[in-house]
Structures are given as C-alpha cells and as structure tokens.
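Engineer: I need the structure of the sequence given here:
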Amino acid sequence: MNRSAVPAAPVSSLPDFDPRRVPVVGVDVHLPAVPAGAQTAQALRARFACPPQWEPEVLLEKRFMNREPAHASVLVPVVQRERPTVLLTERTAHLSTHSGQVAFPGGRADPGDASPADTALREAQEEVGLDRGYVEVLGTLPTYVTGSSFIITPVVALVQPDCVLQPNPYEVADLFEVPLDFLLDPAHHRRHVFAQDGVHREWFSMPYQDGEKTRFIWGATAGMLRNFYRFMIA
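Structural biologist: Coordinates of the predicted model:
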C-alpha cells in the first residue's frame, strides 16, 4: 500500500477531512492472529534474537510535502503487564505535523544520537518521561517513510510496568495503552481508500474502544503496527 511518491496535498489538511469517515474497503478477518504464547517477553526476545524471513507490507506513503528527507525513530513500547500492552500517545492539537493523532513516542534524530535506538530512547524520555532504566530494547523493524519525508525506524522494546511517566504537555495531550493481542489480530485491521485530485491513497486503521473513548489508530502508526504483525506471524 501507498508505495508511490507523487506529491499531493496532505489529506489531514483538507477542509473537514476526518479519517474516521473515509470508507472501509476491507477487514482482514481471514488472516490468523499472532498466538498469545508468541507475545510473552521471552518469546519476543527470541523472535528478535533470531528473526524469521519475512516481508514488510507497508514501507512508503505517497508524498504530500516537498521537503528534505529527515531521519527519525519511534519507540514501540510493549509494557509487560499480565496482558501485554503497547503505550501510545495522542499528540497535542497545536503541533505542526500530525497534530491530534495517535503516535508512538519518538521524533527526529539528533547528530549526537549513537543509533536509531538511542534516538527513540532519548525522544521517549523527553516526550513522555520514560526513563531508559525501565526499557529493554529488542530490535528494530524496517524503516517507514511518511508522506512528509520522515524516514522512521521503529524500535521495539519491553517496558517495565512500574515505570513512572510524565508526558510533556507541549507535545502530548494524552497517554494510553492498547492490548498487544488486539493490535496483532488482523481482525481489527481495517483498510481505507481515499482519492483526492487524482491521487489514490490507502491506509490501515485499528480503532480501539478505550472505555467511552475511541482511540483511532491510523496512518503511519497503523502501518508500522501492521509490519509488526507481519514480522510476528512470519
């Protein structure tokens, strides 16, 4: 999906655009879910220590911004609760890119960062107050190139459940967790199609009902989670 690089207006900037209202063209109920036994800390360590042969499904979005590519990293934090979860953020509404959207903690690489993992850990500490001492990095997934020309390395890590978080109010409107087994079950992966000015776009969404609030996971975050699923099911 989304493999072309044709510049076009970002859909999120279109008047009255709401990704929740874009038609769903399919739900992958026919694909198997990742078994619960594969989602334990021990199983995740083993999977990243000896990765299978696999192919990522989503690597490149259609470009909507003419700008120099920039490297970035995000942390995919698997919180080691009795039922493991993934920690996600809701970005504040005033940010210049992806405002109000669900995202992983992370951001642009700095010259002083030793590696993509170092970028992800530094950004997670700055953004949500996650101390490195609570984090065990497992490995990385293939880079994901956004329509805004960010080349993102997803860094998957285990996070101790007793970590103390202090989100940066300038960047983070809310923190929440979604069960890992929900995200690794393609019965919850919805496909959307949208056309604007002759440009055809597709993306995944993974809406999660969190009490009375629906957490609408879509776009790059959903695409990286879809690749995580493909890695885990291979």
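Engineer: Tell me where the model's unsure across this protein.
Structural biologist: For the chain, the stretches flagged by pLDDT under 70 are 1-17, 64-65, 94-100, 196-198.
Engineer: Sheet-wise, list the partners of the one helix or strand residue 176 maps to with their directions.
Structural biologist: Element membership for residue 176, per DSSP states H and E: strand 172-179. Each strand paired with strand 172-179, and its direction, by DSSP bridges: strand 85-91 (antiparallel).
Engineer: what about the strands in the chain?
Structural biologist: When assigned using DSSP state E, the strands of the chain occupy the ranges 24-27, 70-79, 85-91, 102-103, 106-108, 135-140, 144-145, 150-159, 172-179, 190-196, 199-205, 208-210, 213-215.
Engineer: Any idea which of those gets closest to residue 45?
Structural biologist: strand 135-140 (6.3 Å; CB to CB). The way it works is simple: take the backbone N, C-alpha and C, and place the C-beta from them, glycine included.
Engineer: Pull out the buried positions in the strand holding residue 176.
Structural biologist: Buried positions in strand 172-179, judged by neighbour count with 16 or more other CB atoms under 10 Å: 172-173, 175-179.
Engineer: List the backbone torsions phi and psi for the nearest residue in space to residue 154 that is not next to it in sequence.
Structural biologist: Leaving aside its sequence neighbours, residue 154 sits nearest to residue 141 (CB to CB, 6 or more residues apart in numbering; 4.3 Å). Dihedral pair for residue 141: phi -100, psi 170, per degrees, to the nearest 10.
Engineer: and residue 141, how many neighbours?
Structural biologist: Residue 141 has 21 neighbouring residues, counting by other CB atoms under 10 Å.
Engineer: got a list of what the spatially closest residue to residue 29 that is not a sequence neighbour touches?
Structural biologist: Closest residue in space to residue 29, ignoring its immediate chain neighbours: residue 187 at 4.6 Å, by CB to CB, 6+ apart. Contacts of residue 187 were listed using CB atoms under 8 Å, 6 or more residues apart in numbering, and they are 27-29, 31, 33.
Engineer: Now list the buried members of those.
Structural biologist: Looks like the contacts of residue 187 have 28, 33 buried, using 16+ other CB under 10 Å.
Engineer: Between the contacts of residue 187, which sits nearest residue 81?
Structural biologist: Checking the contacts of residue 187 against residue 81 with CB to CB, the nearest one is residue 33 at 18.6 Å.
Engineer: neighbours of the nearest residue to the closest one once chain neighbours are set aside, just the number please.
Structural biologist: Nearest non-adjacent residue to residue 33, counting by CB to CB, 6+ apart: residue 185, 3.9 Å away. For residue 185, the neighbour count with other CB under 10 Å is 18.
Engineer: Could I have the CA atoms of the helix of greatest length in the chain written out in PDB?
Structural biologist: Looking across the chain with DSSP state H, the single longest helix is helix 219-233. Taking Å, rounded to 0.1, in the frame of the first residue of the first chain, the C-alpha atoms of helix 219-233 are listed here in PDB:
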ATOM      1  CA  GLY A 219      -1.800   6.200   9.000                       C
ATOM      2  CA  ALA A 220       1.900   5.700   9.800                       C
ATOM      3  CA  THR A 221       1.300   4.300  13.300                       C
ATOM      4  CA  ALA A 222      -1.100   1.700  12.000                       C
ATOM      5  CA  GLY A 223       1.200   0.900   9.100                       C
ATOM      6  CA  MET A 224       4.200   0.200  11.400                       C
ATOM      7  CA  LEU A 225       1.900  -1.900  13.600                       C
ATOM      8  CA  ARG A 226       0.800  -3.900  10.500                       C
ATOM      9  CA  ASN A 227       4.500  -4.500   9.800                       C
ATOM     10  CA  PHE A 228       5.000  -5.600  13.400                       C
ATOM     11  CA  TYR A 229       2.100  -8.100  12.800                       C
ATOM     12  CA  ARG A 230       3.800  -9.400   9.600                       C
ATOM     13  CA  PHE A 231       7.100  -9.800  11.500                       C
ATOM     14  CA  MET A 232       5.400 -11.700  14.300                       C
ATOM     15  CA  ILE A 233       3.300 -14.000  12.200                       C
END
